[in-house]
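Visitor: I'll drop the sequence and a predicted model, then ask my questions.
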Amino acid sequence: MSIFESKKLRLIIKSPIHIGGVEQKITRFEFIHQGQYVYPISEERLSIFLQKKNLISQYVSAIERDGNRFNLADFLRNQRINLKNDDLEELSNKRKIKVLADASRMQDFKSFIRDGFGVPYIPGTSIKGVIRTAILYNSLKKFKDENPISFKETIEDRIINDIEKRVNKKKLFQWGNEKWLESFVLDDQKKKGPNTDWLRMLHISDAYSSNNIETFLIPANILKKENGWTYKKERSGQDTTIWVECIPENTVFEFKAAWDKRLLDDFKRNNQNVNLPDNLNGIIDNINSWSTDVFDFEKDFSRGHILENWYRNNTSNFRIGFGSGMVSTTIAILLSEDLRKKVRNYAGLNRENDIAPKSRRVWLKNNNLIPFGWAVIEIVK
């Protein structure tokens, strides 16, 4: 009899998803935009190409002269190098990203994570991070529903006190995670931490698509709810634009989840009446409950704006990656409006008494606004 309960799951992408890779940002040092595609250039292949063209010294001089303003495409054009599609595919090792908007002003973009073979995937650690948020959220929601006074004294007052004491912003609610998910008793573990973490029992593999994926490059704008609706702008007056490489809608990823039943027995023997999932179906239930609240919160935020159309016409139970924001990655919904503002003003940008959060990253597609990061998670078998 297996000590693991195992299931195959799938993620069906419902809105563009971006998860950053090692190369957080690709600049015009490292890509060439031609036609409908952007070609991320291999440093090794570029050096061979420049050597063949006897352009190494000119390349170095141009970088020293232009600094951050250096543009690889302009450099090659000034050297009268006319790159054909075969040249670009050679320089990029056949990697190209379709651009779905006017990218003439694009100076850099965020690349999607890829494995050692250059294949886009969704890391199991990222999926497990979302699951962790969902479980913590549901556990604290139940606590708040059953004892709102104790929730305020135990959770909200502690957060307020930490803000007043100016604790490390990145560790603002670390104690909550430790208290509710890691502080369990085990026979062989005296110290609380990762080894006494309830989610040690959950193993998530990386998620891959069975089909070849053609990622696309799209502009994300920042929609703000501020005395009406507006877009964040730069000093130049242009809308703030973040270019991101994304997985398109309807792409399907599959991965495996395993639950360690023997480890569960060890935890249960030493810890009674634990209000946390103890199997994979319980994990899915937690995800569904959490995502319903997040989806409804986002739909309510968008009310009266064309963004609401997406939430009215779609369903989803999972959110991951770029654009997920404060609501999807923390327990913010459980906090009072005033406290959400305090947390935002302290841990993020100080927007004083504006609603929290006040902005969303969105993609304008064919006169419709689309949020980022939504998917459907479901059990295959």
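Guide: The structure has been received and is ready for your questions.
Visitor: tell me the contacts of residue 356?
Guide: Neighbouring residues of residue 356 by C-beta atoms under 8 Å, 6 or more residues apart in numbering: 326, 332, 337, 340, 341, 343, 344, 345. C-beta: built from backbone N, CA, C; applies to glycine.
Visitor: please check those and keep the buried ones.
Guide: Among the contacts of residue 356, those classed as buried by 16 or more other C-beta atoms under 10 Å are 326, 332, 340, 341, 343, 344, 345.
Visitor: biggest separation within those residues, which pair?
Guide: 332 and 345 (13.0 Å; C-beta to C-beta).
Visitor: for the helix or strand bottoming out on mean pLDDT in the chain, buried residues please.
Guide: None of the helices or strands of the chain scores lower by mean pLDDT, DSSP states H and E than helix 261-270, at a mean of 88. Using 16+ other C-beta under 10 Å as the burial criterion, the residues of helix 261-270 that qualify are 263, 264, 266, 267.
Visitor: for stretch 355-374, same thing?
Guide: Here stretch 355-374 shows 356-364, 369-374 as buried, counting by 16+ other C-beta under 10 Å.
Visitor: ok, so of those residues, who is nearest residue 98?
Guide: Using C-beta to C-beta, the shortest approach to residue 98 within these belongs to residue 363, at 14.3 Å.
Visitor: mind checking how far the host helix or strand of the closest one is from the chain centre?
Guide: Assigned by DSSP states H and E, residue 363 falls within strand 359-365. On the basis of C-alpha atoms, centre = their mean, to the nearest Å, strand 359-365 is displaced by 14 Å from the centre of the chain it belongs to.
Visitor: partners of it in the sheet?
Guide: strand 216-225 (antiparallel), strand 368-371 (antiparallel) (DSSP bridges).
Visitor: dump it to PDB, keeping only the CA atoms.
Guide: Provided in PDB are the C-alpha atoms of strand 359-365 (Å, rounded to 0.1, in the frame of the first residue of the first chain):
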ATOM      1  CA  SER A 359      -4.700  49.600  -8.600                       C
ATOM      2  CA  ARG A 360      -4.700  46.600 -10.800                       C
ATOM      3  CA  ARG A 361      -2.500  45.500 -13.700                       C
ATOM      4  CA  VAL A 362      -4.500  44.900 -16.800                       C
ATOM      5  CA  TRP A 363      -4.200  44.200 -20.500                       C
ATOM      6  CA  LEU A 364      -6.300  46.200 -23.000                       C
ATOM      7  CA  LYS A 365      -7.300  43.700 -25.800                       C
END
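Visitor: what does that strand rub up against?
Guide: 16, 100, 218-225, 232, 242, 298, 301-302, 307, 322-323, 325, 369-372.
Visitor: can you do 6 Å?
Guide: Contacts of strand 359-365 with the rest of the structure, by C-beta atoms under 6 Å, 6 or more residues apart in numbering, involve 218, 220, 221, 222, 223, 224, 323, 369, 370, 371, 372.
Visitor: out of these, which two sit at the greatest distance?
Guide: Using C-beta to C-beta, the contacts of strand 359-365 span at most 19.4 Å, a distance reached by 218 and 224.
Visitor: list the contacts of the helix or strand where residue 297 lies.
Guide: Assigned by DSSP H and E, residue 297 belongs to helix 280-301. Helix 280-301 has contacts (C-beta under 6 Å, 6+ apart) with 5, 7, 134-135, 137-138, 257, 259, 277, 311, 317, 327-328, 333.
Visitor: okay, domains of the chain per the record?
Guide: 4-18+122-379, 26-109 (automatic domain parsing).
Visitor: now the shortest one, how far from the centre of its chain.
Guide: It refers to domain 26-109. In terms of C-alpha atoms, centre = their mean, the centre of domain 26-109 is found 28 Å from the chain centre.
Visitor: same question for it, mean pLDDT?
Guide: Averaged across domain 26-109, pLDDT comes to 92.
Visitor: how far away is residue 218 from residue 242?
Guide: For residue 218, the distance to residue 242 equals 10 Å [C-beta to C-beta, to the nearest Å].
Visitor: more neighbours: the two, which one.
Guide: Neighbour count, other C-beta atoms under 10 Å: between residue 218 and residue 242, residue 218 has more, with 25 against 17.
Visitor: run through the bridge partners of the more buried one.
Guide: Beta-bridge partners, per DSSP bridges, of residue 218: residue 244.
Visitor: grab the nearest non-local neighbour of the residue nearest to the spatial centre of the chain.
Guide: Residue closest to the average C-alpha location in the chain (C-alpha atoms, centre = their mean): residue 321, at 1.3 Å. Leaving aside its chain neighbours, residue 321 sits nearest to residue 19 (4.4 Å; criterion: C-beta to C-beta, 6 or more residues apart in numbering).
Visitor: that neighbour contacts residue 113, correct?
Guide: Yes: the criterion here is C-beta atoms under 6 Å, and residue 19 meets it with residue 113 at 5.1 Å.
Visitor: and the two? Which one has more around it.
Guide: Set residue 19 next to residue 113 and count neighbours by other C-beta under 10 Å: residue 19 wins out with 21 against 18.
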